[in-house]
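**Q** Just a sequence and a predicted model for now, questions to come.
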Amino acid sequence: MKPPGPSLSSIRRSRSVAANRSGELNAPKDFEAVREVLSGNPEAFERIVRGYQNLVASVAYRLGVPRNEVEDIVSEVMIKVYRNLAGYRPEFALSTWIYRITVNHVHDWLHRHRFDREARPVPETLADSAESAPDRVAGLERAERVREALAEVPEMYRVPLVLMHVEERSVGEIGRILALPENTVKTRLARGRARLAAILRERCPDLMPDPAQGEAS
């Protein structure tokens with residue numbers, strides 16, 4: 001099955017653009033695989049699957065998809081990637097485009113299923129990005145408690161936090177993944193950190209002391 005819509009010429013024209021957009025050079029192998037699929041060679045899509053299935057699985061799991069559902073999510077996302085490949089804009093990295101499809105798909109999936117989030121423990125850097133936790137709290141315990149609090153942060157703020165602090169994406173990359181201006185990403189990150197800090201102060205006062213109490217004492 002060949003994805004609808006010709007876009008081979010746009011891929012060829014965009015090679016030079018991709019090399020200069022935000023200093024990001026798209027992998028030639030990705031371009032070649034896309035070109036072959038759009039030319040009618042669906043077997044070439046296997047190379048894209050092999051190259052990005054772990055990325056999709058990682059994002060899905062860290063955003064809250066239970067372990068036993070991740071494999072199905074990967075399959076569903078890859079079907080979407082295949083069906084929409086003709087709409088890929090090659091001035092952006094293929095990984096950024098697949099990130100965006102994955103985040104949107106997981107967003108819809110979580111809203112349909114509403115499972116308790118069984119996400120990978122959030123790194124300590126996310127807790128530290130809000131405020132420094134007391135030294136007496138062990139690192140692993142802190143990460144787990146932050147993960148639980150993060151699940152209560154509204155999704156519009158939680159997704160950018162996970163992309164930055166877990167997936168280590170830059171503000172520019174997050175903006176491209178979520179189709180948001182960089183200033184909006186920065187605003188959501190700031191509000192997300194503030195929400196996370198407020199939840200931690202309420203639920204885990206030993207982990208995130210209230211600054212007002214410190215001043216009063």
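**A** Here it is on my side, so go on.
**Q** Is residue 96 in contact with residue 173, as I believe?
**A** Yes. Contact criterion Cβ atoms under 8 Å: residue 96 and residue 173 qualify, at 6.1 Å. In short, each C-beta sits where N, CA and C put it, glycine included.
**Q** Neighbour count: those two, which is higher?
**A** Taking neighbours as other Cβ atoms under 10 Å, residue 96 and residue 173 compare with residue 173 leading, 21 against 18.
**Q** so that one is in which element?
**A** Taking DSSP states H and E as the definition, residue 173 sits inside helix 171-178.
**Q** Residue 147 is in contact with residue 204, correct?
**A** No. Using Cβ under 8 Å, residue 204 is not in contact with residue 147, being 11.8 Å away.
**Q** residue ranges with poor pLDDT in this structure?
**A** Where the chain drops to pLDDT under 70, the residues are 1-27, 114-140, 143, 206-217.
**Q** So which elements touch the longest helix anywhere in the chain?
**A** Looking across the chain with DSSP state H, the single longest helix is helix 182-203. Secondary-structure packing of helix 182-203 (3 or more Cβ pairs under 8 Å, 6 or more residues apart in numbering; DSSP states H and E): helix 124-130, helix 139-150, helix 155-165, helix 171-178.
**Q** buried residues in the last one?
**A** Going back to what we said before, that points to helix 171-178. Neighbour-count burial for helix 171-178, counted by 16 or more other Cβ atoms under 10 Å, picks out 171, 173-178.
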